[in-house]
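A.B. asks: Quick one: sequence plus predicted model below, questions after.
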2 protein chains.
Amino acid sequence: MYSPTVARASTTSDAFNAVAEPRRREILDALAGGEQSVGELAQRLRVAQPVVSKHLRVLRDVNLVARRDQGRRRLYRLNGAALRPIHEWLRRYEESWSQAFDRMELVLQTLESREERQDG
Amino acid sequence: MYSPTVARASTTSDAFNAVAEPRRREILDALAGGEQSVGELAQRLRVAQPVVSKHLRVLRDVNLVARRDQGRRRLYRLNGAALRPIHEWLRRYEESWSQAFDRMELVLQTLESREERQDG
DNA sequence: AGAATACATGCCTATATAGGCACGTGTCAA
DNA sequence: TTGACACGTGCCTATATAGGCATGTATTCT
């Protein structure tokens, strides 16, 4: 017998599901800019704090973000490595749309953008 | 003024959601081996035909697969290009697990820590 | 100590499936 | 023409959220 019904794999089961939710991608994108508190995220994304907390909960369950306490604030930071399974899966199809990668170019661009951030 | 409730973006809205479902990834993986009919897929994945048809419907809606008729059979083929948006989004995080970047990251963190001397 | 602040959760509602089954339609074999 | 096939869908049930609200807890401020 099968499980009678399974609406969908739970979002907490893997990165694929966690990232399927647009709001969560926004959160990750925001955290890509650096560690942030729940309140900061809520303000930036213009959503209620509980909403952010819940999404962060999901992201944390799949290890996409890590938390650090700072007084009464909870600072969340990105753990991009958890996205790797998705990337690995996509690799198989990558050839469908791209000729070649210039990884160094990407690294350099990232390096530049980070320096810009530091300059403020 | 929000939609009172939105369980989740519909799976037909984008590739992210379409791919969040494990069974659908299996289907895509199977199609990576070449064009196949619904029946062949059902047999290979050991699932009922209606199940496959429905997943294919979703995949087709987001343009992840294309269909071709051959007599009474419907041959589906992969359209990997539709996965590109996901890949593009991931690109931003790719550095997180890239070996080449690890060394770069070390340098960056060192630079950052020089000015971030405010954390406990 | 008392109040304010920053979060995490629980509860509740409406929504969006996933999969089981039955069935309608188009196509090919006899 | 009749029957077997190969599919696509509709209907039904149970499940898994997303977001709104209110509340409990821990930490910091006055």
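C.D. replies: Perfect, thanks for sending it.
A.B. asks: Grab the nearest non-local neighbour of A:Gln49.
C.D. replies: Distances taken as Cβ to Cβ, 6 or more residues apart in numbering or on different chains put A:Ala42 closest to A:Gln49, at 4.6 Å, once the chain neighbours are dropped. All C-beta spots, glycine's among them, are computed from the backbone N, C-alpha and C.
A.B. asks: Alpha carbons of stretch A:45-63, as CSV, please.
C.D. replies: Output of stretch A:45-63 as CSV, limited to C-alpha atoms (Å, rounded to 0.1, in the frame of the first residue of the first chain):
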residue,chain,number,x,y,z
LEU,A,45,11.2,42.2,2.6
ARG,A,46,8.3,44.1,4.0
VAL,A,47,6.6,41.2,5.6
ALA,A,48,5.5,40.4,9.2
GLN,A,49,8.1,39.2,11.6
PRO,A,50,6.4,35.8,12.2
VAL,A,51,6.4,35.1,8.5
VAL,A,52,10.1,35.7,8.3
SER,A,53,10.7,33.6,11.4
LYS,A,54,8.8,30.7,9.9
HIS,A,55,10.7,30.8,6.7
LEU,A,56,13.9,31.0,8.5
ARG,A,57,12.9,28.0,10.4
VAL,A,58,12.4,26.1,7.2
LEU,A,59,15.7,27.3,5.8
ARG,A,60,17.5,26.3,9.0
ASP,A,61,15.9,22.9,9.0
VAL,A,62,17.5,22.2,5.6
ASN,A,63,20.7,23.8,6.7
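A.B. asks: Briefly note if it comes near DNA strand D.
C.D. replies: Yes: with Cβ under 7 Å from any atom of the strand as the measure, stretch A:45-63 is seen reaching DNA strand D through A:47-48, A:50-51, A:54-55, A:58.
A.B. asks: what residue is smack in the middle of chain A?
C.D. replies: Centroid-nearest residue in chain A, with Cα atoms, centre = their mean: A:Leu28, separated by 3.3 Å.
A.B. asks: right, and that one touches A:Tyr76 too?
C.D. replies: No: counting by Cβ atoms under 8 Å, A:Tyr76 is not a contact partner of A:Leu28; they are 9.9 Å apart.
A.B. asks: tell me, what's touching those two both at once?
C.D. replies: A:59, A:65 (Cβ atoms under 8 Å, 6 or more residues apart in numbering or on different chains).
A.B. asks: in stretch A:24-39, what's buried?
C.D. replies: Buried positions in stretch A:24-39, judged by neighbour count with 16 or more other Cβ atoms under 10 Å in any protein chain shown: A:24, A:26-28, A:30-32, A:35-38.
A.B. asks: nope, stretch A:13-21 is what I was after
C.D. replies: A:14-21.
A.B. asks: TSV for the residues you listed, including pLDDT, secondary structure and distance to DNA strand D?
C.D. replies: As requested, these are exported to TSV (pLDDT from 0 to 100; DSSP: H, G, I helix; E, B strand; the rest coil; distance: Cβ to the nearest atom of the strand, whole Å):
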residue	pLDDT	secondary structure	distance to DNA strand D
A:Asp14	94	coil	11
A:Ala15	96	helix	13
A:Phe16	97	helix	12
A:Asn17	96	helix	7
A:Ala18	97	helix	8
A:Val19	97	helix	10
A:Ala20	96	helix	7
A:Glu21	96	coil	4
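A.B. asks: element containing the residue nearest to the centre of chain A?
C.D. replies: helix A:22-31 (DSSP states H and E).
A.B. asks: what residues are up against the residue nearest to the centre of chain A?
C.D. replies: Per Cβ under 8 Å, 6+ apart, neighbours of A:Leu28: A:19, A:59, A:64-65, A:78, B:93.
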